[in-house]
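Asker: Return atomic coordinates for the entry below.
(2 chains)
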There are 2 protein chains.
Amino acid sequence: MKHGGDIQSFKHLYGGEILDYSSNINPLGPPENLRDVFAKAFEDINLYPDIKYRELKDQIGKYLGCQDKEVIVGNGAVEIINNVSLMFKRVVVFTPCFIEYIERPEVLGREVVKLKLNESFEIDENLLEENIAEGDLIILGNPNNPTGKRIAKEKLLRIHEIVEKKKAFLLLDEAFYEFCPDDYNSIEMFYGSRNVCVIRAATKFFALPGIRLGYAYGTGDMVARYNKIALPWCINTFADYAGREIFKEADYIKESKRLIGNQREYMISELNRIDYLKAFDTDCNFVLVKLLRGTEEDMFSYMIGRGVLVRKASSFVGLDNTFIRLAIKDYDKNSYVINCLREYSKWKP
Amino acid sequence: MKHGGDIQSFKHLYGGEILDYSSNINPLGPPENLRDVFAKAFEDINLYPDIKYRELKDQIGKYLGCQDKEVIVGNGAVEIINNVSLMFKRVVVFTPCFIEYIERPEVLGREVVKLKLNESFEIDENLLEENIAEGDLIILGNPNNPTGKRIAKEKLLRIHEIVEKKKAFLLLDEAFYEFCPDDYNSIEMFYGSRNVCVIRAATKFFALPGIRLGYAYGTGDMVARYNKIALPWCINTFADYAGREIFKEADYIKESKRLIGNQREYMISELNRIDYLKAFDTDCNFVLVKLLRGTEEDMFSYMIGRGVLVRKASSFVGLDNTFIRLAIKDYDKNSYVINCLREYSKWKP
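Answerer: Model (predicted):
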């Protein structure tokens, strides 16, 4: 189970519709106005997408607060992770992390240095400094997956200093950015820095995993180098047209942040009231949970029998088989999941 | 101008709608029933595509005459070319050819050996045999782009023998397969061979460049190795759902083949009646044209002034600036283009 969201593989285990708590999608669903957008895309489906994605990049640039020539687009965040990895010889990551930070560089023949997050799942800056060299690529999830924690602003500034001093390059994967508290914006913080690239994505926050639209900020020079190695027409017309519209949805964005903010508080506090669970603090729309009794496999079997797909977490390097990851959705679904978890004690005392 | 189809870059040069003769899309447009398919895709856009593309591969397998585990899917044929290139250390191509056979392996750090097609744009088997080694990947366009010619069946069998003898691997790019005469089917011919992979695509024949759907046949072993290096969710939901339907359109397929077959004959004969042109024989829906007077640039400027975007061909390795490539569309458009070309003699005597 390398990735969440694979309902197809497990639907035979439950008679009804499965609640997918293994992938972390905005429970509000996609912005309403997309129906018209997709109708327009259908009209143009016999044309190639604009190979330079001019209008799409213009809209993303406005949303991110940068110029269009500073925008990268990709077939999901993972294609951008892949291509940026190709631009460097060696990659440094902190585990546990999204598996693709390790797999994509390895597939491309790059050496990957795996450092460990400390016991609180935080980055040890000294460990970073000791282990990076000139020309390295450092990939950090911010917030990190599966732990859900953002790097604190001051710590991130110190990490950037180390990266600058060592002449390395920092790739921040912020695919869950919009779910987080508004305490800082890393694109603003590092705007113009030649050794930073920040990935964002439409997948999670705009509830569009089906369209595959990732994007990133980098300097004009970095983006020009990226464009030379990227596949042509990496975004299809439906994703292109959707991306021209979704960022204008100010009310949707606000409402989604409010909903997840409230439900995050609710989930953490309820989970931690269950005696065999420890829920880690999170800044986004999923939560890592330590099982103090039983294994991920026990919990997976129990929950799928109740129509809930949870994410077993042992496939994350550095986690054993006593962790699961849960999405945070709306109140009705979350309270159902919490109730199932409460009753697990009766099932496996 | 590395690729055709870039109307966005040239639309300011002409007041009306531009006829795109630089990309080679079925003039019938996409199959009719896709509107419903895309409506269904829209309903599921908040779900990840099936990470294993089970139903899509099942439909493609039926269409190609192979099992679903023998099917590769990719974000356009070019992603498959990219990923197969990554599986080998050295790549051998014959020029002129589609630029991505050279660029994708080079981007991935692979050595590329560029052999030349002979004066009739055919493969010299001796040249191939002298230049390939164990473990090489040979990429051949069949039909080749920009020349439009299929490899004759007997020649292809001899090429395959050489590839087998040398323990190399043959990647046939048949993105234009359905437009060709029905003289042989390379998937049938090489079914079960461990050193062949055959790419096809929805882009051209099904008039769907906007959805990005390439696919390929390979043995189960080869496909399993491919899947280990491919990006997850490379096909978006719209492309996935379209791909489950289009291959059932028997009437559309037949009518498209008939239309292009007739228009191919018409275009070649009319072009060769124009004294300053030499049109090369073609098996598909585009034609390479040698200009016996003037350059591609002259012709490009002249034609864009008449609302027709032609493909300058000097960006193909091995062609100078006296070639253009033209699409083959329906009679009305083709005869307009032929008329413009006839009048070029008055414009540039």
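Asker: Is the lengthiest helix in chain A positioned near chain B?
Answerer: When secondary structure is assigned using DSSP state H, the longest helix within chain A turns out to be helix A:250-272. No - legend: contact between helix A:250-272 and chain B by C-beta under 8 Å from any C-beta of the partner chain is lacking; minimum distance shown is 12.7 Å. From N, CA and C alone the C-beta is placed, and that goes for glycine too.
Asker: Now do that helix, average pLDDT.
Answerer: Taken as a whole, helix A:250-272 has an average pLDDT of 96.
Asker: which stretches of the stretch 201-349 of chain A have low pLDDT?
Answerer: Scanning the stretch 201-349 of chain A with the threshold set as pLDDT under 70 gives A:347-349.
Asker: Write out the residues of it neighbouring chain B.
Answerer: By C-beta under 8 Å from any C-beta, the part of the stretch 201-349 of chain A that sits against chain B consists of A:207-212, A:228-229, A:231-234, A:236-239.
Asker: Report the two of the residues you listed separated the most.
Answerer: When these are compared pair by pair using C-beta to C-beta, the two farthest from each other are A:Ala207 and A:Lys228, 32.7 Å apart.
Asker: Do a quick rundown of the strands in the stretch 1-150 of chain A.
Answerer: Counting by DSSP state E, counting those that start in this stretch, the stretch 1-150 of chain A has strands at residues A:19-20, A:71-74, A:90-95, A:111-116, A:137-141.
Asker: wait, which of these is closest to B:Glu297?
Answerer: Distance to B:Glu297, taken as C-beta to C-beta, is lowest for strand A:71-74 among those, at 30.9 Å.
Asker: contacts for that closest one?
Answerer: For strand A:71-74, the surrounding residues in contact (C-beta atoms under 8 Å, 6 or more residues apart in numbering or on different chains) are A:53, A:56-57, A:60-61, A:64, A:80, A:83, A:197, A:213-218, A:223, A:226-227, A:230, A:234-235, A:243.
Asker: And for the longest helix of chain A, what's in contact with it?
Answerer: The set of residues that contact helix A:250-272 without belonging to it, under C-beta under 8 Å, 6+ apart, is A:26-28, A:31-32, A:178-179, A:181, A:205, A:277-279, A:281-282, A:284-285, A:287, A:289, A:326, A:328-331, A:334-335, A:338, A:341.
Asker: Can you tell me which of the contacts of strand A:71-74 are classed as buried?
Answerer: For the contacts of strand A:71-74, burial is judged from neighbour counts taken by 16 or more other C-beta atoms under 10 Å in any protein chain shown, and it is met by A:53, A:56-57, A:60-61, A:64, A:80, A:83, A:197, A:213-218, A:223, A:226, A:230, A:234-235, A:243.
Asker: what ranges do the helices span in the stretch 101-250 of chain A?
Answerer: If you assign secondary structure with DSSP state H, counting those that start in this stretch, the helices in the stretch 101-250 of chain A sit at A:125-131, A:153-165, A:186-190, A:220-229, A:237-245, A:250-272.
Asker: out of those helices, deepest packed?
Answerer: Using mean count of other C-beta atoms under 10 Å in any protein chain shown, the stretch among the helices of the stretch 101-250 of chain A with the largest mean neighbour count is helix A:237-245, at a mean of 25.
Asker: Which neighbouring elements make contact with it?
Answerer: Using 3 or more C-beta pairs under 8 Å, 6 or more residues apart in numbering or on different chains; DSSP states H and E as the contact criterion, the elements in contact with helix A:237-245 are helix A:34-43, helix A:54-64.
Asker: where in the stretch 1-150 of chain A is pLDDT low?
Answerer: The stretch 1-150 of chain A contains residues with pLDDT under 70 at A:1.
Asker: for A:Leu170, which residues make a bridge with it?
Answerer: Following DSSP bridges, A:Leu170 is listed with bridge partners A:Ile138, A:Val196.
Asker: ok now do it, which residues does it touch?
Answerer: A:138, A:140, A:159-160, A:163, A:190, A:195-197.
Asker: one step back: can you tell me which of the strands of the stretch 1-150 of chain A comes nearest to A:Glu154?
Answerer: strand A:137-141 (15.1 Å).
Asker: Quick check: A:Arg342 vs A:Glu174, distance?
Answerer: In this structure, A:Arg342 lies at 34 Å from A:Glu174, with C-beta to C-beta, to the nearest Å as the measure.
Asker: Who has more neighbours out of those two?
Answerer: Set A:Arg342 next to A:Glu174 and count neighbours by other C-beta atoms under 10 Å in any protein chain shown: A:Glu174 wins out with 23 against 15.
Asker: just to revisit the earlier point, can you lay out the helices and strands packed on helix A:237-245 as TSV showing distance to chain B?
Answerer: Below are those laid out as TSV (distance: least, C-beta to the nearest C-beta, whole Å):
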stretch	distance to chain B
helix A:34-43	5
helix A:54-64	6
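Asker: could you dump those helices to CSV with distance to B:Asp298?
Answerer: Converted to CSV, those look like this (distance: least, C-beta to C-beta, whole Å):
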stretch, distance to B:Asp298
helix A:34-43, 34
helix A:54-64, 28
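Asker: Select, out of the helices of the stretch 101-250 of chain A, the one closest to B:Phe42.
Answerer: Taking C-beta to C-beta as the criterion, helix A:237-245 is the member of these that comes nearest to B:Phe42, at 8.8 Å.
Asker: pull the CA atoms of that closest one into PDB?
Answerer: These are the backbone C-alpha positions of helix A:237-245, laid out as PDB (Å, rounded to 0.1, in the frame of the first residue of the first chain):
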ATOM      1  CA  THR A 237      -7.100  20.300 -21.500                       C
ATOM      2  CA  PHE A 238      -9.500  19.500 -18.600                       C
ATOM      3  CA  ALA A 239      -6.800  20.200 -16.000                       C
ATOM      4  CA  ASP A 240      -5.600  23.300 -17.900                       C
ATOM      5  CA  TYR A 241      -9.100  24.800 -18.100                       C
ATOM      6  CA  ALA A 242      -9.900  23.900 -14.500                       C
ATOM      7  CA  GLY A 243      -6.700  25.500 -13.300                       C
ATOM      8  CA  ARG A 244      -7.600  28.800 -15.000                       C
ATOM      9  CA  GLU A 245     -10.700  29.000 -12.900                       C
END
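Asker: So for chain A, the centremost residue is which one?
Answerer: For chain A, the residue lying nearest the average C-alpha position, counting by C-alpha atoms, centre = their mean, turns out to be A:Ala175 (3.7 Å).
Asker: just checking, that one touches A:Gly214?
Answerer: Yes - taking contacts as C-beta atoms under 8 Å, A:Ala175 lies within contact range of A:Gly214: 7.4 Å.
Asker: between the two, what contacts are shared?
Answerer: Contact criterion C-beta under 8 Å, 6+ apart; residues bridging A:Ala175 and A:Gly214 by contacting each: A:77, A:199-201, A:203.
Asker: Now tabulate those in JSON lines and tack on neighbour count.
Answerer: Formatted as JSON lines, the entries for the shared contacts of A:Ala175 and A:Gly214 read as follows, by neighbours: other C-beta atoms under 10 Å in any protein chain shown:
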{"residue": "A:Ala77", "neighbour count": "25"}
{"residue": "A:Ile199", "neighbour count": "26"}
{"residue": "A:Arg200", "neighbour count": "26"}
{"residue": "A:Ala201", "neighbour count": "25"}
{"residue": "A:Thr203", "neighbour count": "26"}
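Asker: Many thanks, I have nothing further to ask.
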